[in-house]
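> Sequence plus predicted model, see below.
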Amino acid sequence: MNLRHIWVLFTKDVAHGTRNVIFILAIVMPVAFSLVMTVLFGTVFSAKPKLGVADVGSSEFAAQLLASDFMEVTDFESQDELLSAIETGAVAAGVTIPDGFDDDLVAGNVTDLTIYMWGQSLISDRTIIGSAIAEDVLDASERDTPIAVNTELVGDREALSWQQRLLPLVVLMSVIIGAVMVPSTSLVEEKEARTLTALTTTPMTMGEVFFTKGMMGVLLSIFSGVMILSLNGGWGPNPLLLILVLILGGAFASAFGVLLGARTKDVQTLFA
């Protein structure tokens with residue numbers, strides 16, 4: 001196998017292949033889908049509920065809400081600022097803590113606490129915020145409740161967001177498009193343009209042609225996979241193992257793409 005022959009064909013494929021629609025889709029499509037997945041599933045379906053708090057006095061109850069780790073709680077200086085944030089959707093709900101609220105709770109006096117909800121907030125966010133406020137009210141009142149509610153997880157105890165669940169699919173899609181479609185499409189186009197026959201009449205062998213096309217698919221699939229994992233923070237504790245999996249997956253997929261391109265006569269048949 002002549003490395004010079006391989007390098008010449010590889011540089012030619014890089015120069016002309018980047019204008020190919022399949023080559024562009026192999027990079028753009030997985031990255032675009034990854035960005036859409038990050039924006040959609042990373043914020044709408046897995047973000048913490050957002051609560052705004054306007055504390056008129058120095059309330060311990062407001063401090064408890066601000067210390068919540070399962071909500072994003074923002075402190076506002078006045079009720080007007082809080083209502084403005086709710087109207088624009090900056091927070092899903094808001095509550096104004098009146099002056100002397102803590103003393104009224106401890107003394108057992110009847111007092112009102114109004115929760116303002118954004119009209120387009122999710123029902124799940126409203127439920128979580130309402131339950132959190134009710135629980136903090138009981139804690140701040142310093143009273144014992146007649147019942148104790150215990151939470152027990154059933155089934156899968158590890159909660160994964162939709163972004164984490166769909167990430168392997170996006171990586172797999174980038175490997176398939178890059179490693180299978182790019183080499184096979186390149187080989188078929190070489191056949192249709194009759195340049196494949198011209199290549200084999202030179203000192204370059206058919207094995208070197210197949211190796212070069214396959215190497216292009218492997219490198220492209222690894223590049224797309226690394227880019228997607230980096231964009232989504234999906235490297236985990238074993239990044240070297242993931243790179244090895246990308247290399248092996250790209251190699252096997254590229255071998256299948258070369259075989260597919262070698263056995264297919266035209267582009268229509270290839271896509272069919």
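Sure thing, it's come through. Numbering: from 1, shown residues only.
> Mind listing residues that contact the lowest-mean-pLDDT helix or strand in the chain?
In the chain, no helix or strand scores lower on mean pLDDT, DSSP states H and E than helix 21-41, which sits at a mean of 78. The contact list for helix 21-41 (CB atoms under 8 Å, 6 or more residues apart in numbering) reads 17-18, 161-163, 166-167, 170-171, 173-174, 177-178, 181-182, 185, 220-221, 223-224, 227-228, 231-232. In this view, the C-beta of every residue, glycine as well, is placed from N, C-alpha and C.
> Which members of those occur in helices, if any?
Among the contacts of helix 21-41, the members falling in helices (DSSP state H) are 17, 162-163, 166-167, 170-171, 173-174, 182, 185, 220-221, 223-224, 227-228, 231-232.
> Where do the strands of the stretch 51-200 of the chain begin and end?
72-76, 93-97, 115-117 (DSSP state E, counting those that start in this stretch).
> Of these, which stretch is the most buried?
strand 93-97 (a mean of 22; mean count of other CB atoms under 10 Å).
> who does that strand touch, helix- and strand-wise?
strand 50-55, helix 60-66, helix 79-87, strand 115-117, helix 123-140 (3 or more CB pairs under 8 Å, 6 or more residues apart in numbering; DSSP states H and E).
> Could you pull out the buried residues of the second one?
Of the residues in helix 60-66, those with enough neighbours to count as buried (16 or more other CB atoms under 10 Å) are 61-65.
> and what of the third one?
Taking 16+ other CB under 10 Å as the basis for neighbour counts, the residues of helix 79-87 that come out buried are 79, 82-83, 85-86.
> confidence score at the residue lying farthest from the centre of the chain?
Distance from the C-alpha centroid of the chain, by CA atoms, centre = their mean, peaks at A107 (49.1 Å). pLDDT, A107: 83.
> picking that back up, will you turn the helices and strands packed on strand 93-97 into a markdown table that also has mean pLDDT and distance to V209?
Formatted as a markdown table, the helices and strands packed on strand 93-97 follow (pLDDT from 0 to 100; distance: least, CB to CB, whole Å):
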| stretch | mean pLDDT | distance to V209 |
| --- | --- | --- |
| strand 50-55 | 93 | 57 |
| helix 60-66 | 88 | 66 |
| helix 79-87 | 93 | 62 |
| strand 115-117 | 93 | 65 |
| helix 123-140 | 86 | 56 |
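> For these, give me CSV that also has distance to L246.
Formatted as CSV, these follow (distance: least, CB to CB, whole Å):
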stretch, distance to L246
strand 50-55, 37
helix 60-66, 43
helix 79-87, 44
strand 115-117, 46
helix 123-140, 36
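> Quick one: closest of these to K191.
Nearest to K191, of all the helices and strands packed on strand 93-97, is helix 123-140, at 54.9 Å by CB to CB.
> packing partners for that closest one?
Contacts defined by 3+ CB pairs under 8 Å, 6+ apart place helix 123-140 against strand 50-55, helix 60-66, strand 93-97, helix 101-107, strand 115-117.
> 6 Å instead?
With contacts taken as 3 or more CB pairs under 6 Å, 6 or more residues apart in numbering; DSSP states H and E, helix 123-140 sits against helix 60-66.
> Sweet, I'm off.
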